[in-house]
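In: Below is the sequence, then the predicted model.
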Amino acid sequence: MSIRFSFGGDEHIFAEVSEEMSLEAFFTSLSMTNAVKAAGIKGVTEICPANASFQIKFDPDAIKPGDLLRELQSMEGAASKSDATLKTRIMEIPVLYQDPWTHETLMRFRERHQDPNSTDIEYAARINDYATVDDFIAAHSGQPWFVSMVGFVAGLPFLYQMVERKRQIQVPKYLRPRTDTPKLTVGYGGCFSCIYSVRGAGGYQMFGVTPMPIYDPTQQVSYLQDEMCFFRPGDIVKWKPVSRDEYDAAIEAVEGNRYEPVIRPAEFSLAAFNKDMAGTNAKLMEVLHGR
Amino acid sequence: MAVNVISPGLSTTVQDLGRPGYYHLGIPISGGMDRYALRAANMLVGNDEGAAVLEAVFLGPELEFTAATTVAVTGGDLPPRLNGTEMPGWEAFPVKAGDRLTFGYLKGGARTCIAVSGGIDVPVTLGSRSTYTLGALGGHEGRALKAGDWLPMGVGKPAKGMVPHNLRRGPGNPAELRMLPGLYWHRITAEAGKRFFADTWKVAPEADRIGYRFRGGTALDFVPREPPFGAGSNPSNIVDACYPYGSVQVPGGTEPIVLHRDAVSGGGYMMLGCVISADMDLIGQLQPHAPARFVEVTMDQALAARADRQAALARVRAHLGR
């Protein structure tokens, strides 16, 4: 995998690890950005990993663009050879699939959708060859996901499912973006799931909502007092389908600031995962559930 | 020591030089859309160049001062009026407790910086007082001002001076936005690339602190490809990636969008390159329907333009004895 570098104006270097999404590309992006961070290069002001690419912002008054480019290129060999292991976190995120709020919203924007006669999740289940929506939900929530990028808006995670490519769910984005998406919508576009951290425009298909705040600029939420954004690239996420009663109970806990997300430290090895995906994921579930 | 907001204008926000360091979490730099005007306004009132000011767009606010201070108004040409009397732009003037500052109709540009001596003293969030409205972060309660808001002012010192006309800057007609091609430029045909730079575009109504959309040019022709896994089927789609500030994305190949200080930090549309740092301020001064052209430059030209802007700022400092 050879990284394609390009200048983004006079203040950015953009690096495309791969045109297509893969866990290998994501890990190369993560190890490159970690290496740039560790190198402490003068003039580097922002280091942003993305799904299969990354971006470095720099001050051209402090470092010549060409010099920074050469420095990044010199790191490429080490990053692609580096053992793709990660000390990270695994967390469980409750999801109320087919909730009333995203349903109300998707009905308002039906004329912008590929299939105005079904809901987003019915459409996604059908084009991914699932017999029923329940089967589709079982696939979406059955195996864990990597947070492969945080961004678009504050704290929004992009998630990539930890399954072989033929099992990856793929859906198009809306034909024209919506002007509204409920806060904490669990969405889907391309091969990525996401959680909308704030209410606003969006083009991803809408499957449900989580009761759990993931961005808090006021830093009042108990688990967001140190960092206002919950997710970090490399986090591992397991969706947990919940009933309306469970959702309401979680909202009550959130409102009383008593909600405690399930988070455990975890380790991940890309080589071990590629050798045995089901076994690796099963072990991650044991870590998550403390067994 | 405060500024009372009698009426807020169209969308007036507190801004400084921004909040670098959180783009990897999707929190953009924010800060003044026209940083040159922001620095000049602060210099005029004796502040540090990065102190917080009010940025008004298209329509000025009405403000009342509870204490004497010095005010300067720079950037877009919204004529300031003190208790009804027109005051000069780009020049410091004193105000007394109880004075009211209003603005006439916009005569040029789009965004105006209103600096007060001592700065607008809202709390610092993640290292900056800038407002990021989409994330409800920073500024005054994370939002644009409303009537009845009360903004604390810092303690300043008396200052005077003006920025001469030859050191003020606004967009030409058409505005020329210099751009370094790159990123996913290879996705469009050579012919489409030529037309992109040859066409005159117009600022669309969708133009705000997140980004400026342009229309009126020719739709792009893409180089044919098999869609990469995860990118999406439209030829303008990419696997969601970071968006640089100033990057020019073209969803569907039709209407370019230049991302600005409140940029969305990433997404799934190809970008043709970036407007260079020296011309970002100009975009913030473009009104809807304003004509604009993208002008191809090299990295060396981009760095020379950057040095020119720094030299202009140095002349302002020298002129004001800062």
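Out: Everything's here; your move.
In: CA atoms for contacts and neighbours, from now on please.
Out: Will do.
In: count of neighbours near the nearest residue to B:Gly266 once chain neighbours are set aside?
Out: The spatial neighbour of B:Gly266 that comes closest, neighbours along the chain excluded (CA to CA, 6 or more residues apart in numbering or on different chains), is B:Cys242 at 4.1 Å. Neighbourhood size, B:Cys242 [other CA atoms under 10 Å in any protein chain shown]: 32.
In: and B:Cys242, what does it touch?
Out: Applying CA atoms under 8 Å, 6 or more residues apart in numbering or on different chains, we find B:Cys242 in contact with A:14, A:48-50, A:53-55, B:265-267.
In: can I assume B:Thr189 is in contact with B:Pro224?
Out: No. In this structure, B:Thr189 is not within contact of B:Pro224 by CA atoms under 8 Å, at 9.3 Å.
In: Show me what from the stretch 51-200 of chain B comes close to chain A.
Out: By CA under 8 Å from any CA of the partner chain, the residues of the stretch 51-200 of chain B that approach chain A are B:134-137, B:179-183.
In: among these, which are in strands?
Out: Within these, residues falling in strands by DSSP state E are B:179-181.
In: Nearest to B:Gly211 among those?
Out: Of all these, B:Gly211 sits closest to B:Met179, with 15.5 Å by CA to CA.
In: While we're on the closest residue to that closest one other than its chain neighbours, how confident is the model there?
Out: Leaving aside its chain neighbours, B:Met179 sits nearest to B:Val275 (4.1 Å; criterion: CA to CA, 6+ apart). B:Val275 carries a pLDDT value of 98.
In: Using JSON lines, please lay out the residues of the stretch 51-200 of chain B next to chain A together with pLDDT and neighbour count.
Out: Compiled in JSON lines, these are given as follows (pLDDT from 0 to 100; neighbours: other CA atoms under 10 Å in any protein chain shown):
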{"residue": "B:Leu134", "pLDDT": "94", "neighbour count": "19"}
{"residue": "B:Gly135", "pLDDT": "95", "neighbour count": "22"}
{"residue": "B:Ala136", "pLDDT": "96", "neighbour count": "18"}
{"residue": "B:Leu137", "pLDDT": "97", "neighbour count": "21"}
{"residue": "B:Met179", "pLDDT": "98", "neighbour count": "30"}
{"residue": "B:Leu180", "pLDDT": "98", "neighbour count": "24"}
{"residue": "B:Pro181", "pLDDT": "98", "neighbour count": "26"}
{"residue": "B:Gly182", "pLDDT": "98", "neighbour count": "19"}
{"residue": "B:Leu183", "pLDDT": "98", "neighbour count": "27"}
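In: Give the full set of residues in contact with B:Val163.
Out: Contacts for B:Val163 (CA under 8 Å, 6+ apart) come out as B:40, B:44, B:90-91, B:316, B:319-320.
In: B:Asp34: which of the residues of the stretch 51-200 of chain B next to chain A is nearest?
Out: Checking these against B:Asp34 with CA to CA, the nearest one is B:Met179 at 17.5 Å.
In: residues in the stretch 51-200 of chain A within reach of chain B, list them.
Out: Counting by CA under 8 Å from any CA, the stretch 51-200 of chain A comes close to chain B at A:51-55, A:57, A:60, A:150-156, A:170, A:172-173, A:190-192, A:198.
In: List phi and psi for the spatially closest residue to B:Glu255 that is not a sequence neighbour.
Out: Distances taken as CA to CA, 6+ apart place B:Arg215 nearest to B:Glu255, at 5.2 Å, with adjacent residues excluded. Main-chain torsions, B:Arg215, degrees, to the nearest 10: phi -140, psi 170.
In: what number of residues lie near B:Arg215?
Out: Around B:Arg215 there are 19 residues (other CA under 10 Å).
In: In the sheet, which residues pair with it? Tell me.
Out: Judged by DSSP bridges, the bridge partners of B:Arg215 are B:Lys202.
In: Was I right to think it contacts B:Pro205?
Out: No. Using CA under 8 Å, B:Arg215 is not in contact with B:Pro205, being 9.7 Å away.
In: picking that back up, which among the contacts of B:Val163 count as buried?
Out: Listed as buried from those are B:40, B:44, B:90-91, B:316, B:320; burial here means 16 or more other CA atoms under 10 Å in any protein chain shown.
In: Which of the helices or strands spans A:Gly208?
Out: Secondary structure from DSSP states H and E places A:Gly208 in strand A:205-209.
In: Sheet partners, orientation included, of that strand?
Out: strand A:85-97 (antiparallel), strand A:185-189 (antiparallel).
In: can you pull the contacts of the residue nearest to B:Glu255?
Out: By CA under 8 Å, 6+ apart, the contact set of B:Arg215 is B:201-204, B:254-256.
In: same check, this time on B:Leu183
Out: Residues near B:Leu183 by CA under 8 Å, 6+ apart: A:6-8, A:14, B:270-273.
In: can you check B:Gly170 too?
Out: For B:Gly170, the contact set (CA under 8 Å, 6+ apart) comprises B:75-76, B:109, B:282, B:285.
In: For it, report the pLDDT, please.
Out: 88.
In: so A:Thr105 touches A:Thr181, yeah?
Out: Yes. At 6.9 Å, A:Thr105 counts as touching A:Thr181 under the criterion of CA under 8 Å.
In: Look at the two and report which has more neighbours.
Out: Per other CA under 10 Å, whichever of A:Thr105 and A:Thr181 has more neighbours is A:Thr181, with 24 against 16.
In: quick check, the more buried one in a strand?
Out: No. Counting by DSSP: H, G, I helix; E, B strand; the rest coil, A:Thr181 falls outside a strand, being coil.
In: For B:Thr189 and B:Pro224, indicate the residue with more neighbours.
Out: Using other CA under 10 Å as the criterion, B:Thr189 and B:Pro224 rank with B:Thr189 on top: 15 against 10.
In: how close does B:Arg293 sit to chain A?
Out: Look at B:Arg293 and chain A: by CA to the nearest CA, to the nearest Å, they are 17 Å apart.
In: what's the neighbour count on that residue?
Out: Residues lying near B:Arg293 (other CA under 10 Å) number 21.
In: Quick one: residues contacting it.
Out: If you count contacts by CA under 8 Å, 6+ apart, then B:Arg293 has B:174-177, B:197-201 around it.
In: how close does the residue nearest to B:Glu255 sit to chain A?
Out: Counting by CA to the nearest CA - B:Arg215 and chain A are separated by 17 Å.
In: OK, now which residue of the stretch 151-291 of chain A is nearest to chain B?
Out: Closest to chain B within the stretch 151-291 of chain A is A:Gly151: 3.7 Å, counting by CA to the nearest CA.
In: quick one, which of the strands paired with strand A:205-209 is packed in tightest?
Out: Sort the strands paired with strand A:205-209 by mean neighbour count, taking mean count of other CA atoms under 10 Å in any protein chain shown, and strand A:185-189 sits at the top with a mean of 25.
In: pLDDT of whatever helix or strand comes next after that strand, averaged?
Out: Using DSSP H and E, the helix or strand that follows strand A:185-189 in sequence is strand A:192-195. Here strand A:192-195 scores 97 as its mean pLDDT.
In: what does stretch B:55-71 give?
Out: In this model, stretch B:55-71 has an average pLDDT of 97.
In: Can you get me the start-to-end distance on that stretch?
Out: Stretch B:55-71 has an end-to-end distance of 13 Å (criterion: CA to CA, to the nearest Å).
In: Report the buried residues of it.
Out: B:55-66, B:68-71.
In: Repeat that for stretch B:206-218.
Out: B:207-218.
In: Over to stretch A:4-15?
Out: Buried residues in stretch A:4-15, counted by 16+ other CA under 10 Å: A:5-15.
In: Repeat that for stretch B:152-165.
Out: Within stretch B:152-165, the residues scored as buried using 16+ other CA under 10 Å are B:152-154, B:158-163.
In: Can you tell me which of those residues is nearest chain A?
Out: B:Pro152 (19.5 Å).
In: Can you tell me the element that closest one falls in?
Out: Assigned by DSSP H and E, B:Pro152 falls within strand B:150-152.
In: and that strand, how far from the chain's centre?
Out: Chain-centre distance of strand B:150-152: 23 Å, with CA atoms, centre = their mean, to the nearest Å.
In: and if you look at stretch A:280-290?
Out: Distance of stretch A:280-290 from the chain centroid (CA atoms, centre = their mean) equals 19 Å.
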